[in-house]
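predicted coordinates and the sequence they were generated for:
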Amino acid sequence: MSQSIVRWIFRWIHIVFSIPILGYIYSPFEEIPKYAPVVRRVFVPIMVVSGLWMWKGHLLRRFVPKRSVRQNATV
């Protein structure tokens, strides 16, 4: 998968998971307790991880080993 596609996927994950957070912020005060646990435990961590990956993902990719392609593997 090319880097532009990965970047596009992370960008849309970041955008889609920010929508419930905006709803949480701008919802009436009586509705906040219903959404608070889900927003805090699901949406915020996904937003943070996707944002960090878009920001510093190029540094994190250095630590991930590339898969080696085995050519003409004969046993």
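Perfect, thanks for sending it.

can you map out the helices along this protein?
3-26, 32-38, 44-60 (DSSP state H).

how far off helix 44-60 does the longest one point, in degrees?
Between the axis of helix 3-26 and that of helix 44-60 there is an angle of 150 degrees, by axes from the mean of the first three to the mean of the last three Cα atoms, to 10 degrees.

mean confidence (pLDDT) on helix 3-26, please.
The average pLDDT within helix 3-26 is 90.

and it, what does it pack onto?
Helices and strands touching helix 3-26, by 3 or more Cβ pairs under 8 Å, 6 or more residues apart in numbering; DSSP states H and E, are helix 32-38, helix 44-60. All C-beta atoms are positioned from the backbone trio N, CA, C, and that covers glycine.

neighbouring contacts of that helix?
32, 35-36, 38-39, 43-44, 46-47, 50-51, 53-54, 57 (Cβ atoms under 8 Å, 6 or more residues apart in numbering).

among the helices and strands packed on helix 3-26, which is the most enclosed?
helix 44-60 (a mean of 14; mean count of other Cβ atoms under 10 Å).

so which residues make contact with it?
Residues contacting helix 44-60 (Cβ under 8 Å, 6+ apart): 7, 10-11, 13-14, 17-18, 21.

grab the nearest non-local neighbour of the residue nearest in space to the middle of the chain.
Nearest to the mean C-alpha position of the chain, by Cα atoms, centre = their mean, lies residue 50 at 2.8 Å. Spatially, and ignoring its direct neighbours in sequence, residue 50 is nearest to residue 14 (4.3 Å; Cβ to Cβ, 6 or more residues apart in numbering).

what's the burial count for that neighbour?
As a burial measure, residue 14 scores 17 neighbours (other Cβ atoms under 10 Å).
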